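Enquirer: next comes the sequence, and after it the predicted model I'd like to discuss.
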Amino acid sequence: MDEWLDLPDLIDRVHDYLEMGLYDAAVKLLEHYQEMYPGEVEMLQLFGRVHSETGEPRKALPYLKKALKLEKANIETLLSLFFVYTQLDQLAKARAFLVRAEKIDPEHELVISSYIWYYNETSQYETALIYFKKAEDFHIDNPEVYHNAGIAFQRLGHLNRSKLCFKTALELNPSFDESRDFLADVHIMQGHPEKSIDLYRMHLQTSPKNIRSLSRLVFCLCQSERMDEAGEAARNIIELYPNSAVGYVDLAYVQTNENQHDAALESIKRALDVSPYDAEALRLKGIIHSEKGNELVAEDSFKSALSADRDNAEIMRDYYHHLRSVKKYGEMEKLVRQVIKQEYPYCNEDLWFLADYHREQGRNKRAFQFLRKAYQLMPSDIDLLPPMIDILLDEGHSAYIAPFFLRYIEKTGWNEVMQDFARHKRLRGKWAQEGLRMFRYFGQNPAEYRTFVFASYVKKYLLFFSPVILGGVALIGFVFSHLAGIPVLLCILAGALAGWLAGSYIRFNRRNAATRRSSIPPQQPKRT
């Protein structure tokens, strides 16, 4: 503290401390110079940032509000207030500050990035992608923009676009571990875990001791059912980091997947010897004892894991599954709702769990509400549609199922699920069967073929009615020429025009007839 820092040097020094996570040093430095620079907006912004990043958003508000009074058009202050209010789950207030920032500079990359993030958090993925298009138009190369756009594409089911965004985010920032993890998850969702394995192995070539990537490699190898390699990779972590619980826990997961529960418990014991309060080790201990039917030990393990990491959603999920297995439904539902509140909008798994539980208890309406909410949060998850249709049929609301059928068939075509629905007792009526035939036709033929058939019918009807059109136009022209005193020539011209149109359709139809064999798609309509 002996050297005197001018304001720009002070700000740079504090930023350096914050980037290194030295929050105490940053606060101490700010407080030392607080009286020297009492009315500086940058000082107030830094105080707000420190409190925001250390999980004290309410303490950040007074500093940021004071900064906003001093400079009402300061975009950094407006964006800081936006993020603080999102931390407080007050999204309506947060958006108000974002709107003000956009009015000042609609092309600001942090404003656009914040909008994409905001619309993802509020499940408005199409709107998020509108702002992503703006980012592309303004040539914004911000990895956060591409990462958040990748999430929006993933939630909408556009997995290839999603992969492209995550890849771009990694190209812009090769250390963006979260984008790497999301990209690996998309590869696994598409049934290509080997690509996720290659992704981490490639990263490990440049950072061979990165424990996060080493651990994720074990996970991806397990997803690819390459258990021997996964075990070897876990033992490699133990060799590199013998005083870390990560390798022991990863090895325990591999052993659990191979149903070697006793060996897994031994690995967990070694992890807890190294780190007695490791949340992942305690979580896996709870899972294993739950599967073995040791109710009390499992519950104690889950509680200990949550004590070590109270906001860990994965621990809470495993715990509520255990509570359901031991029929402690009140505690279970309370915990599920806690996870939904904490993880929203990334809580489809939890909503589906509640729907399944209420369906099992015979509460169809409650189950439908949870399924519908899950589908709103992730419209690409078409597996949510069949149980919703089942509930509507069970409740006697067959008149409302058509839109659900249409959305499902658009994604999957006519499959075994639809075949089962066609045999449902509530769909045996004449009109219901006619509707199902239409859906079968829709699902068994590609869009190109349906377009071709529709165009053919339109042309046929136009050709059939062309004499009527010709005569009608001629008659109208004749009547109009007499009533308005216009020369009969107008009537002749109108008739000629109608004849020319009819002739054009005829010539067009003949031309199509000559090439129809090559223009019809190979898949023909199936008999219903």
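Expert: In hand now; what should we look at? Bear in mind that the values here come from a model prediction, so they are computed numbers and not experimental data. Numbers count the residues shown, from 1 in each chain.
Enquirer: next, find the distance separating residue 14 from residue 370.
Expert: Distance, residue 14 to residue 370, using CB to CB, to the nearest Å: 46 Å. Placement of C-beta: from N, CA and C, glycine included.
Enquirer: straight-line length of stretch 135-149, end to end?
Expert: 10 Å (CA to CA, to the nearest Å).
Enquirer: and for the nearest residue to residue 209 once chain neighbours are set aside, the neighbour number?
Expert: With sequence-adjacent residues excluded and distances taken as CB to CB, 6 or more residues apart in numbering, residue 209 is closest to residue 240, at 5.9 Å. The tally of other residues near residue 240 (other CB atoms under 10 Å) stands at 14.
Enquirer: surely residue 240 meets residue 210?
Expert: No - Residue 240 lies out of contact with residue 210 (CB atoms under 8 Å); the separation is 10.2 Å.
Enquirer: low-scoring pLDDT stretches of the stretch 401-528 of the chain, where are they?
Expert: Applying pLDDT under 70 to the stretch 401-528 of the chain flags residues 446-528.
Enquirer: returning to that earlier point: contacts only, for the residue nearest to residue 209.
Expert: The contact partners of residue 240, by CB atoms under 8 Å, 6 or more residues apart in numbering, come to 209, 211, 214, 247.
Enquirer: any chance of the residues you listed in JSON lines, with distance to residue 136 and secondary structure too?
Expert: Below are these laid out as JSON lines (distance: CB to CB, whole Å; DSSP: H, G, I helix; E, B strand; the rest coil):
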{"residue": "209", "distance to residue 136": "37", "secondary structure": "coil"}
{"residue": "211", "distance to residue 136": "35", "secondary structure": "helix"}
{"residue": "214", "distance to residue 136": "35", "secondary structure": "helix"}
{"residue": "247", "distance to residue 136": "42", "secondary structure": "helix"}
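Enquirer: which of these are buried?
Expert: With burial judged by 16 or more other CB atoms under 10 Å, the buried subset of the contacts of residue 240 is 214, 247.
Enquirer: which one of the contacts of residue 240 is nearest to residue 435?
Expert: The shortest gap between residue 435 and any of those belongs to residue 214, at 54.6 Å (CB to CB).
Enquirer: any idea how far residue 278 is from the nearest residue to that closest one once chain neighbours are set aside?
Expert: Sequence neighbours aside, residue 237 is the residue nearest to residue 214 in space, at 5.1 Å (criterion: CB to CB, 6+ apart). Distance, residue 237 to residue 278, by CB to CB: 14 Å.
Enquirer: which residues are contacting the helix or strand harbouring residue 353?
Expert: Assessed by DSSP states H and E, residue 353 sits inside helix 348-360. If you take CB under 8 Å, 6+ apart as the criterion, helix 348-360 is touched by 317, 320-321, 324, 329, 332-333, 336, 339-340, 343, 364, 366-368, 370-371, 373-374, 377-378, 381, 384, 387, 391.
Enquirer: over to stretch 79-90?
Expert: Contacts for stretch 79-90 (CB under 8 Å, 6+ apart): 45, 48-49, 52, 57-58, 60-61, 64-65, 68, 91, 93-95, 97-98, 101, 110-111, 114, 118, 121.
Enquirer: can you check stretch 148-163 too?
Expert: 113, 116-117, 119-120, 123, 125-126, 128-129, 132, 135, 164-166, 169, 179, 182-183, 186-187, 189-190, 377-382, 411.
Enquirer: report the buried residues of it.
Expert: 148-159, 161-163.
Enquirer: what about the helices in the stretch 1-150 of the chain?
Expert: Under the criterion DSSP state H, counting those that start in this stretch, the stretch 1-150 of the chain contains helices at 7-19, 23-33, 41-53, 57-70, 75-87, 91-104, 109-121, 125-137, 143-155.
Enquirer: redo these as JSON lines? Include distance to residue 272.
Expert: Below are the helices of the stretch 1-150 of the chain laid out as JSON lines (distance: least, CB to CB, whole Å):
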{"stretch": "helix 7-19", "distance to residue 272": "34"}
{"stretch": "helix 23-33", "distance to residue 272": "30"}
{"stretch": "helix 41-53", "distance to residue 272": "31"}
{"stretch": "helix 57-70", "distance to residue 272": "34"}
{"stretch": "helix 75-87", "distance to residue 272": "33"}
{"stretch": "helix 91-104", "distance to residue 272": "40"}
{"stretch": "helix 109-121", "distance to residue 272": "36"}
{"stretch": "helix 125-137", "distance to residue 272": "41"}
{"stretch": "helix 143-155", "distance to residue 272": "35"}
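Enquirer: return the most buried member of the ones you listed.
Expert: helix 143-155 (a mean of 25; mean count of other CB atoms under 10 Å).
Enquirer: by how many degrees do it and helix 125-137 diverge?
Expert: Angle of helix 143-155 versus helix 125-137, following axes from the mean of the first three to the mean of the last three CA atoms, to 10 degrees, is 140 degrees.
Enquirer: quick check: next helix or strand after helix 143-155?
Expert: With DSSP H and E, the next secondary element past helix 143-155 is helix 159-172.
Enquirer: show me what secondary structure element comes after that following helix.
Expert: In N-to-C order, the element after helix 159-172 by DSSP H and E is helix 177-189.
Enquirer: let me see the mean pLDDT of that next one.
Expert: Helix 177-189 shows a mean pLDDT of 95 in the predicted model.
Enquirer: my guess is residue 215 meets residue 248, correct?
Expert: No - assessed by CB under 8 Å, residue 215 is found out of contact with residue 248, at 11.3 Å.
Enquirer: between the two, who's got more neighbours?
Expert: Using other CB under 10 Å as the criterion, residue 215 and residue 248 rank with residue 248 on top: 28 against 20.
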